[in-house]
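A.B. asks: Coordinates for the following, if possible.
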Amino acid sequence: MKAKSIKGKSTEEIKSALVQSMADGYQPTLAICFISKSLDRSAISDVLDAAGISVFGCTTNGEFIDEETEKGSAAILLLDMNRDYFQIYFEEYAGNNYREIAKGIAEKAKQTFSLPAFLIGISDAAADGEEILRGIEEVAGAGVNAFGGAAGDDYSFSETFVFTNGKDSGHAMTCIAIDESKVQIKGVATCGWKPVGTEKVVTKSEGNHVYTVDHIPVLDITAKYGGLENVNKENNNLLIEIAANFPLQLQREKGDPVMRPGLVVDWSDRSFYTSGAVPQGSKVRFSLPPDFDVMEKVVNGVENLKVTEMPEADALVVFSCAGRILSLGPLMSKELEGIKNVWNVPMAGMFSNAELGRATGGNLEMHNLTTCCIALKEK
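C.D. replies: Numbers count the residues shown, from 1 in each chain. I've put the predicted structure just below:
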């Protein structure tokens, strides 16, 4: 399978880049599209559709081809994968039936492929990515290879979208089911944020609403460990600082911890809502602000994937949390360059609202402040 990446900041630039990529006779069948809401994604999708290319698309908080990060652009990975080896599904949620929607897609995929793997995009910030993963696992088994991310909206915190040929929705799931007997797909989700302090117990929570840790309001104990000042509603930078630098690290019996940053504060009791469930009685640790080791751990995780499971690849897809570039800034390109150099094949990705994948030694989960790298190779 041959892969090529194209990018642009307008429909015309993408159209021109597509024509140029096909000038040597290259005939892509699949386009993995990461497109800013500021562009006309429907027009770009139509350009690809007119060329006979199947589209998997998400809006973003930033896009990249290889290590070059952009804003307000389209980054597209073109693949000439055999059409018999993949199928794209697109379903809107009816209410909050995330598990049922995912289960239905997985059942269709199982009818087509005996061993399906899944590349997933979800829209709507309220969508429960873990329920989607549980629905897929229910049909395809706990060992299924499933990866993806939650669409972004250029940090506007308004509405996110996923799309495919002729379809676009702010309340939907899009998915590429891949025949794993024909195309190898492996991935790893790595964070790298270092913990600080001993394990603490979540003494009161409901779903993703965390009230107290060790019987102390979660906002106050986070501020204590983070050394935060001006912890009040007038501080417009407080939430970004907490989410990007001081997430809760939800401890797991198996595998790496999962990041759960505070995203919305309830000032009446100084509780906050996190990006995913934090069960009452679970154990958490707090985080130190990121340093160079954060990037090194991600690159080392990808290098280990190559050594242990995926010696060769045709293409890379990366979902990296928007919070990482907020924390790492220009250094983010160093991390992406390190990932790119592991296989040195075409790579495209986006800065996402959440990441879906399997942490090292762990289960499929929804992550934050994490980089999820997926390698593909046609057999």
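A.B. asks: Just name the shakiest helix or strand of the protein by mean pLDDT.
C.D. replies: Lowest by mean pLDDT, DSSP states H and E among the helices and strands of the chain is helix 238-245, with a mean of 83.
A.B. asks: Residues contacting that one, please?
C.D. replies: Residues from elsewhere that reach helix 238-245, judged by CB atoms under 8 Å, 6 or more residues apart in numbering: 222, 226, 228, 230-232, 261-265, 272, 287, 289-290, 323, 326-327, 368-369. Yep, even glycine has a C-beta here, placed from its N, CA and C like the rest.
A.B. asks: How far off centre is it?
C.D. replies: 19 Å (CA atoms, centre = their mean, to the nearest Å).
A.B. asks: mind exporting that helix as CSV, just the C-alpha atoms?
C.D. replies: The C-alpha trace of helix 238-245 is given here as CSV (Å, rounded to 0.1, in the frame of the first residue of the first chain):
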residue,chain,number,x,y,z
LEU,A,238,-7.2,28.8,35.4
LEU,A,239,-9.0,26.0,33.5
ILE,A,240,-6.4,25.8,30.7
GLU,A,241,-3.6,25.6,33.3
ILE,A,242,-5.4,22.8,35.3
ALA,A,243,-6.4,20.9,32.2
ALA,A,244,-3.0,21.2,30.3
ASN,A,245,-0.6,20.9,33.3
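A.B. asks: Would you list the strands that the helix or strand that that helix is followed by pairs with, along with their directions?
C.D. replies: Using DSSP states H and E, the helix or strand that follows helix 238-245 towards the C-terminus is strand 248-250. Sheet pairing of strand 248-250 (DSSP bridges) gives strand 258-260 (antiparallel), strand 283-287 (antiparallel).
A.B. asks: Which residues does strand 248-250 contact?
C.D. replies: Strand 248-250 is contacted from outside by 193, 195, 210, 213, 218, 222, 257-262, 274, 278, 282-287, using CB under 8 Å, 6+ apart.
A.B. asks: from those, which would you call buried?
C.D. replies: Buried members of those, scored by 16 or more other CB atoms under 10 Å, are 193, 210, 213, 218, 222, 257-262, 274, 278, 282-287.
A.B. asks: Just read off the phi/psi values of the nearest residue to Val299 once chain neighbours are set aside.
C.D. replies: Nearest non-adjacent residue to Val299, counting by CB to CB, 6 or more residues apart in numbering: Gly338, 3.6 Å away. Main-chain dihedrals, Gly338, degrees, to the nearest 10: phi -60, psi -40.
A.B. asks: who touches Gly338 in this structure?
C.D. replies: Here Gly338 is in contact with 295, 298-299, 302 (CB under 8 Å, 6+ apart).
A.B. asks: Mark which of these are part of helices, please.
C.D. replies: Mapping the contacts of Gly338 onto helices (DSSP state H) picks out 295, 298-299, 302.
A.B. asks: As a markdown table, these with neighbour count and pLDDT would be great.
C.D. replies: Converted to a markdown table, the ones in helices among the contacts of Gly338 look like this (neighbours: other CB atoms under 10 Å; pLDDT from 0 to 100):
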| residue | neighbour count | pLDDT |
| --- | --- | --- |
| Met295 | 22 | 91 |
| Val298 | 26 | 93 |
| Val299 | 22 | 95 |
| Val302 | 26 | 95 |
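A.B. asks: want to throw those residues into TSV with distance to Gly129?
C.D. replies: Shown next, in TSV, are the ones in helices among the contacts of Gly338 (distance: CB to CB, whole Å):
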residue	distance to Gly129
Met295	24
Val298	20
Val299	25
Val302	22
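A.B. asks: how about those, which pair is most distant?
C.D. replies: The most widely separated members of these, counting by CB to CB, are Met295 and Val302 (11.1 Å).
A.B. asks: From Ser73, how far out is Ala315?
C.D. replies: Distance, Ala315 to Ser73, by CB to CB, to the nearest Å: 19 Å.
A.B. asks: ok so, going back, among the contacts of helix 238-245, name the buried ones.
C.D. replies: 222, 226, 228, 231, 261-263, 265, 272, 287, 290, 323, 326-327, 368-369.
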